[in-house]
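Undergrad: sequence plus predicted model, see below.
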Amino acid sequence: MSFAGLFSWPRTALHEPEDAGRSPYTAIDNLESVRTGGVLKSFFDLFTHEPEQLRMYGFIADGDLNSVKSALQRNPNLLNMRMTAANSTPLIFSLHKRSGGQRRIALWLIENGADLNLQNDLGWTALMTACRYNQPEAAEALIKRRVDINLQNDNGWTALMYACRHNQPNIARILIECGAILDAKNKEGWTALMLACQQPAADSDGTQEGLLSCIKLCYEAGANLDIRRSGGIGALDTARHFNRSDAIEFLEFVTASEGVAKVLSDELGQPRHRVVDFYNASFLQIEDCLNLTDSCLCRMGFNSLPDRRRILERFNSAFVYHAFLTHDWGDDDSNHRLVSSINAMLQDAGIETWFDGERLNGNIPLQIMRGIENSRKVVVFITRRYMEKVGQDSSDYCKDEYQAAVNVLGPENMIPVVVDPEMLDTRTWTGLLQYNLGSLLYIDFTSPAKREANFSFLLQQIRATNQSN
């Protein structure tokens, strides 16, 4: 059976009730045939019972704000009068395409006492009309005045549905932030998110990019992707039916039973907007995340260091080291040889280390930064020479490693190990070393006996859960 044969696609999903059925303005449409240069023919005064109503229609259609003001000064009752076949108010009409979308008039009416929640005979409000006909300034003005954003018209459409269907993600965002009901359904069972899964409406300036933004906004805010309309049609079914490859990719990403989105939400407890951040950064597959670094997460807006560490450890385990070892080589490389032997002991104990004797190649500063970004702890092997290098003004790899460790992991995830007997008294520590690590418990590795006695404690500290800033 073909896909098309499985589902029924109702006209109302593609054409809003006002467009699919009778227009609320048809009874006054004939007015256009007797207007010349924007001036109403005088015989209307003779052959209609409500000449003021017709004049107001003309003033609005002409964009003549001064005449609108004058008419309301003469008769304030015109402000909320029912002036079309569907009993739309001047405000609703000024936002409609048949008036030409008279933004200035609409904003003035909003500011000057129009009843903002009135619905016409088809249930349309001013906010729905603004969202349908791309009047974002008016929509924002209405929302700021706390209109009822969740009213539904006769076909069940809400303002959010119109904003999502007609490519207005900025207004959709504001509506959602102000409490728009995400999972409201129209009479055909369509939600706002489903409506954005179609191709752009032919009678609007919509784009697939704008519609996808609306889908993402609804998803981020918690829209239920399991909702189905009659026939079992869901959002992903809709995107497939309308050949929306961008929407298909996104919805498949966030609904996959396993993969990046599942890990982020279920295992790591990340909110939906973080799932969207990963999608926008093209980390779509687990394999893509092997290139994930702390810098990538910072650029995506992950400000919590513990969150970044957990994410890196989960997705980038092949490149996450238990410990980064920072040290000075010494005058005759003797300290480097000592730390190298300790590194071998750590690796034999199952500790994955970043050690410059093994890891440095190419761009050394970049390799150092990546090593620290992808390490859980930093072991600082303290000698007087190391302390002096950390505190000097000129650039040095010891200084670069130390400062990066403080900035990325924080002192609470740095383990001081004293290998120089002269540094056992922390009162002799100076500068940044004293400031950042002077209050921490250090591990004494100043002799073979001390290293043997304290090695298990070093392992314990490396394996301990990371501390947050």
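TA: Here it is on my side, so go on. If you're wondering where the values come from, they're calculated on a predicted model, not measured in any experiment.
Undergrad: residue boundaries of the helices in the stretch 101-250 of the chain?
TA: 103-111, 126-132, 136-144, 159-165, 169-177, 192-195, 208-220, 235-241, 245-255 (DSSP state H, counting those that start in this stretch).
Undergrad: C-alpha coordinates for the one helix or strand Asp307 maps to, PDB please?
TA: Using DSSP states H and E, Asp307 sits in helix 305-315. Presented in PDB, the C-alpha positions along helix 305-315 are these (Å, rounded to 0.1, in the frame of the first residue of the first chain):
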ATOM      1  CA  LEU A 305      31.800  22.900  34.100                       C
ATOM      2  CA  PRO A 306      30.400  19.700  35.800                       C
ATOM      3  CA  ASP A 307      27.900  19.400  32.900                       C
ATOM      4  CA  ARG A 308      30.700  19.800  30.300                       C
ATOM      5  CA  ARG A 309      32.800  17.200  32.100                       C
ATOM      6  CA  ARG A 310      29.900  14.600  32.200                       C
ATOM      7  CA  ILE A 311      29.100  15.200  28.600                       C
ATOM      8  CA  LEU A 312      32.700  14.800  27.500                       C
ATOM      9  CA  GLU A 313      33.200  11.700  29.600                       C
ATOM     10  CA  ARG A 314      30.100  10.100  28.100                       C
ATOM     11  CA  PHE A 315      30.500  11.000  24.400                       C
END
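Undergrad: what sits closest to the residue nearest in space to the middle of the chain if chain neighbours are left out?
TA: The geometric centre of the chain, computed from its C-alpha atoms, lies nearest to His273 (Cα atoms, centre = their mean), at 4.7 Å. Leaving out its chain neighbours, the residue that sits closest to His273 by Cβ to Cβ, 6 or more residues apart in numbering is Glu220, at 4.5 Å. Where C-beta positions appear, they are placed from N, C-alpha and C, glycine not excepted.
Undergrad: so who does the one you found touch?
TA: Contact analysis of Glu220 by Cβ atoms under 8 Å, 6 or more residues apart in numbering lists 271-273, 276.
Undergrad: selecting buried members of those in PyMOL, what would you type?
TA: A single PyMOL command selects the buried members of these (16 or more other Cβ atoms under 10 Å):
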select buried, resi 272+276
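Undergrad: may I see the contacts of Glu220 arranged in CSV, with pLDDT and secondary structure as well?
TA: Shown next, in CSV, are those (pLDDT from 0 to 100; DSSP: H, G, I helix; E, B strand; the rest coil):
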residue, pLDDT, secondary structure
Pro271, 97, coil
Arg272, 97, helix
His273, 97, helix
Val276, 98, helix
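Undergrad: between the contacts of Glu220, which sits nearest Val418?
TA: Val418 lies nearest to Pro271 out of the contacts of Glu220, by Cβ to Cβ, at 43.1 Å.
Undergrad: count of residues packed around the closest residue to Ala184 other than its chain neighbours?
TA: Spatial nearest neighbour of Ala184, excluding adjacent residues (Cβ to Cβ, 6+ apart): Thr158 at 5.4 Å. Using other Cβ atoms under 10 Å, Thr158 has 26 neighbouring residues.
Undergrad: hmm, Thr158 is touching Ala192, no?
TA: Yes: judged on Cβ atoms under 8 Å, Thr158 makes contact with Ala192 at a distance of 7.2 Å.
Undergrad: find residues that contact each of these two.
TA: Common neighbours of Thr158 and Ala192 (criterion: Cβ under 8 Å, 6+ apart): 180, 184.
Undergrad: buried residues in the helix or strand harbouring Val390?
TA: If you go by DSSP H and E, Val390 is part of helix 384-391. Within helix 384-391, the residues that qualify as buried are 385-390, counting by 16+ other Cβ under 10 Å.
Undergrad: for the protein, what spans make up the strands?
TA: Remark: strands assigned in the chain by DSSP state E are 35-36, 39-40, 321-326, 353-354, 375-382, 414-418, 443-444.
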